[in-house]
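>>> predicted coordinates and the sequence they were generated for:
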Amino acid sequence: MKPLMAALGLLLAGCAGNDAPAPQAGDKPTIVSLNPCTDAILAEVAAPGQLLAISHYSKDARSSSMATHDAARFASTGGTVEEVLALQPDVVVASTFLSPATMAAMADLGLDVRTFGAASTVEESIAQVRELAALAGREDAGERLVAQIQQALEDAASAGEPVEGALWQPGGIVPGEASLVSDLMRRTGFKSYAATRGMAQADYLSLEQVMADPPQVLLVAGTEAGQTHPVLDTVTEMRRETFDTRLLYCGGPTIIEAARRLAEIREGSA
């Protein structure tokens, strides 16, 4: 560890207080995660005491892919260099959207930063699980999670006629076909309402369009005025279901819950 990093780390750790017990991770590298998607994976595969902190996003129900009780098990940071440095992790796991300035500052202080993008397919997510598990020195735990994901997808698969579904996300937009949630919808027996109408990633789906051209199933994952409008109750040929925003964006263990929920919704259309 560079002398500057060690000195700053001791200073900042002292400012943070001494009440918390020192983490015990054995010979495994200690990790701080700044990305809500990697938070969820590392929470499953890391050894006790190995994941020093998760991102503040995972403590907020509006941006977390973790259940509240899971996020509560871990400390969190706001992602600042000072907060991360105080924890003196062996590895920092961040999003590819980490600002260049923050990346440079962490590198200058000797922090080992690894970045991960958003998975757009199940295969990409499984690859990330394995990469993060290897980074943590916990390959066996990674393979257990992969097996659980694969079993959940097998259980949720449908051999019947696909059901036309429209996923109405926060802001009134639809997901693109090159997104993980769209991949999951295909695997669980849905055909895309948006794709068949030429809609692309983040295109706006208006209440007027839903009323004039309803899908078989409308999966509502937002709380815009149009998405909660009582006039939707009058569309008798359309079934409306809620879809938790926690299940929209991240892979890893989130796939398990998302696949189960999608299968439950599809079976309600049978």
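The structure has been received and is ready for your questions.
>>> how much space between residue 253 and residue 247?
Residue 253 sits 11 Å away from residue 247, going by Cβ to Cβ, to the nearest Å. For glycine as for every other residue, the C-beta is placed from the backbone atoms N, C-alpha and C.
>>> tell me where the model's unsure across the protein.
Scanning the chain for pLDDT under 70 picks out the ranges 1-26, 269-270.
>>> show me where it has its strands.
31-33, 51-55, 76-77, 91-95, 113-116, 163-168, 190-192, 217-220, 239-242 (DSSP state E).
>>> got JSON lines for those, with distance to residue 63 and mean neighbour count too?
Output for those, formatted as JSON lines (distance: least, Cβ to Cβ, whole Å; neighbours: other Cβ atoms under 10 Å):
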{"stretch": "strand 31-33", "distance to residue 63": "14", "mean neighbour count": "28"}
{"stretch": "strand 51-55", "distance to residue 63": "9", "mean neighbour count": "26"}
{"stretch": "strand 76-77", "distance to residue 63": "12", "mean neighbour count": "20"}
{"stretch": "strand 91-95", "distance to residue 63": "12", "mean neighbour count": "22"}
{"stretch": "strand 113-116", "distance to residue 63": "17", "mean neighbour count": "16"}
{"stretch": "strand 163-168", "distance to residue 63": "18", "mean neighbour count": "24"}
{"stretch": "strand 190-192", "distance to residue 63": "25", "mean neighbour count": "20"}
{"stretch": "strand 217-220", "distance to residue 63": "18", "mean neighbour count": "21"}
{"stretch": "strand 239-242", "distance to residue 63": "18", "mean neighbour count": "16"}
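>>> of all those, which lies closest to residue 126?
Checking the strands of the chain against residue 126 by Cβ to Cβ gives strand 113-116 as the closest, at 13.2 Å.
>>> ok, the closest one: who's next to it in the sheet?
Partners of strand 113-116 in the sheet, by DSSP bridges, are strand 91-95 (parallel).
>>> list of residues touching the partner strand?
29-35, 37-38, 42, 79, 84, 103, 106, 111-118, 132, 135 (Cβ atoms under 8 Å, 6 or more residues apart in numbering).
>>> the protein: helices as residue ranges?
3-16, 36-45, 68-71, 81-87, 100-108, 122-135, 139-156, 180-187, 193-196, 207-212, 253-267 (DSSP state H).
>>> how about the closest residue to residue 133 other than its chain neighbours, what does it touch?
Among residues not flanking residue 133 along the chain, residue 142 sits closest, at 2.4 Å (Cβ to Cβ, 6 or more residues apart in numbering). If a contact means Cβ under 8 Å, 6+ apart, then residue 142 has 45, 129-130, 132-134 as its contacts.
>>> repeat the analysis, applying 7 Å as the threshold.
Neighbouring residues of residue 142 by Cβ atoms under 7 Å, 6 or more residues apart in numbering: 45, 129-130, 133-134.
>>> measure it to residue 59 for me?
24 Å.
>>> next: residue 197.
From residue 197 to residue 59 the distance is 37 Å (Cβ to Cβ).
>>> between the two, which one's more packed in?
residue 59 (18 against 14; other Cβ atoms under 10 Å).
>>> quick one: contacts for the closest residue to residue 116 other than its chain neighbours?
Spatial nearest neighbour of residue 116, chain neighbours left out: residue 38 (5.5 Å); criterion: Cβ to Cβ, 6+ apart. With contact taken as Cβ under 7 Å, 6+ apart, residue 38 is in contact with 93, 116, 132.
>>> please identify which of the residues you listed is nearest to residue 236.
residue 116 (44.5 Å).
>>> which residues does that closest one bridge with?
So, taking DSSP bridges as the rule, residue 116 has residue 95 as bridge partners.
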